[in-house]
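Asks: Sharing a sequence plus its predicted fold:
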Protein chains: 2
Amino acid sequence: MLGEPIRDRRTERHERTKAEILEAAWQIARTEGLAGLTLRDVARKVGMRAPSVYSYFDSKNAIYDAMFAQGCQEFLRRGSRLVVTGDPQADLRVGSRMFIEFCTEDPVRYQLLFQRTIPGFEPSTGSYALAVQALETIRARLVEIGIDDPAALDMLTALTTGLADQQISNDPGGDRWLKLIDEAMEMFFAHWHNRIPRRS
Amino acid sequence: MLGEPIRDRRTERHERTKAEILEAAWQIARTEGLAGLTLRDVARKVGMRAPSVYSYFDSKNAIYDAMFAQGCQEFLRRGSRLVVTGDPQADLRVGSRMFIEFCTEDPVRYQLLFQRTIPGFEPSTGSYALAVQALETIRARLVEIGIDDPAALDMLTALTTGLADQQISNDPGGDRWLKLIDEAMEMFFAHWHNRIPRRS
DNA sequence: GTCTATATTTGGATAGAC
DNA sequence: GTCTATCCAAATATAGAC
């Protein structure tokens, strides 16, 4: 009557090693750049030779894809922890701050998820679905705040990714654009709250 | 009494060929991606073999650097053609539209100038100075519009690059974010015009 | 599953003849 | 200035032994 599935110790170990490889990949990407990731380096970091990695991932792009999915899942996890207080402006501030800090705290992850700059890589359908889901959580939160104009959502993504992008590109490690978040949201809120969508 | 310098036909031809190589590099980067640029392809496009390119550029990065400088100069050229009408909002609209269209009309140029995503490349001091000069023209225009808070400049660069970035990443060739430009500038202007800078 | 060995490709850069 | 020939290095991926 125990409903637990039979544990497969072999599979468990396999999954653990996959996770270990991914963690190594993140670390190397953060130091060498996302495009500078090589299977040799990843393998070495986990104490293997390059060919052994192929027992866990079919290709280098499969690693990128798993990293992409991990990034999306982390975003979804953080989004699910956000609460709705009922104060629209506060909710907007908290949500946008979460998003922008998510972007800036790991520029490599930002590059992988939001800029499509890796030569031959594009996410698999499964991973892409996670990204769609992530955008949907943002849309839903904006609706709860009382803003349901689709143009407002597009404006918000532009404004927040713009802040994140400038922060990463022009003041890495600093806060020159981070400290503009509250003011940006004030500006955004004043313009879009209780506004009737214009025709086209 | 003719003040013209003596023309050096050899140098002139050399410069012409350099320009031809750069144009080929732009074309290839636009189809193969900026990171996908190879000397072989560039050489072939101008009817040479790869080693011959070294008679014109010391390295591949020297080509990137020349492209970077060209991009900045094109931006400066367009900025110099903008007029100030005295209508602050109209001037803001025109300036931001110029900037965003400059970005979106050539995503490869945008990537080279505004995202630093090429492995070992960073602009030479001379080329970087052009980029600084370009930002300065934006700052000066914003002052003429009547907004001289440095935070406003940072907010404007975030907003405009954000619109450009979303347009390029999520609706290439379309106008989903381009058509938000006027509304974005309305929002920006309402917030920053005649505002006293806050302490910190 | 992991290894060694190797195939394969690619691409930046140099040497030296013409 | 341009070429051929070549070097050198890197990196993905596969074959097959253990």
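Replies: Now that the structure is in, tell me what you want to look at.
Asks: near DNA strand D, which residues of chain A?
Replies: Within reach of DNA strand D by CB under 7 Å from any atom of the strand, chain A has these residues: A:G36, A:L37, A:T38, A:L39, A:R40, A:A50, A:P51, A:Y54, A:S59, A:K60, A:N61. (Glycine included, C-beta is placed from N, CA and C.)
Asks: Include neighbour count and distance to B:E23 when you put these into TSV, please.
Replies: What follows is the residues of chain A next to DNA strand D, written out as TSV (neighbours: other CB atoms under 10 Å in any protein chain shown; distance: CB to CB, whole Å):
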residue	neighbour count	distance to B:E23
A:G36	12	29
A:L37	23	32
A:T38	14	33
A:L39	20	36
A:R40	13	37
A:A50	13	39
A:P51	9	43
A:Y54	13	42
A:S59	12	35
A:K60	18	33
A:N61	17	32
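Asks: Please identify which of those is nearest to B:V108.
Replies: Using CB to CB, A:G36 is the member of the residues of chain A next to DNA strand D that sits closest to B:V108, with 20.2 Å.
Asks: Identify the residue nearest the residue in chain A positioned nearest to chain B in space, chain neighbours excluded?
Replies: For chain A and chain B, the shortest gap (CB to the nearest CB) falls at A:G162, measuring 2.2 Å. In space, and not counting its chain neighbours, A:G162 is closest to B:G162: 2.2 Å by CB to CB, 6 or more residues apart in numbering or on different chains.
Asks: Can you give me the domain assignment for chain A?
Replies: A:8-57, A:58-192 (automatic domain parsing).
Asks: Let me know the average pLDDT across the last one.
Replies: By that I understand domain A:58-192. Across domain A:58-192, the average pLDDT comes to 97.
Asks: A:D165: neighbour count?
Replies: Using other CB atoms under 10 Å in any protein chain shown, A:D165 has 26 neighbouring residues.
Asks: all helices of chain A, in order?
Replies: With helices called from DSSP state H, chain A shows them at A:9-32, A:39-45, A:50-53, A:60-81, A:88-104, A:107-114, A:125-145, A:150-170, A:181-192.
Asks: would you list the ones you listed in JSON lines and tack on distance to B:Q115?
Replies: Shown next, in JSON lines, are the helices of chain A (distance: least, CB to CB, whole Å):
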{"stretch": "helix A:9-32", "distance to B:Q115": "16"}
{"stretch": "helix A:39-45", "distance to B:Q115": "24"}
{"stretch": "helix A:50-53", "distance to B:Q115": "29"}
{"stretch": "helix A:60-81", "distance to B:Q115": "18"}
{"stretch": "helix A:88-104", "distance to B:Q115": "13"}
{"stretch": "helix A:107-114", "distance to B:Q115": "8"}
{"stretch": "helix A:125-145", "distance to B:Q115": "19"}
{"stretch": "helix A:150-170", "distance to B:Q115": "7"}
{"stretch": "helix A:181-192", "distance to B:Q115": "21"}
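Asks: Noted, bye for now.
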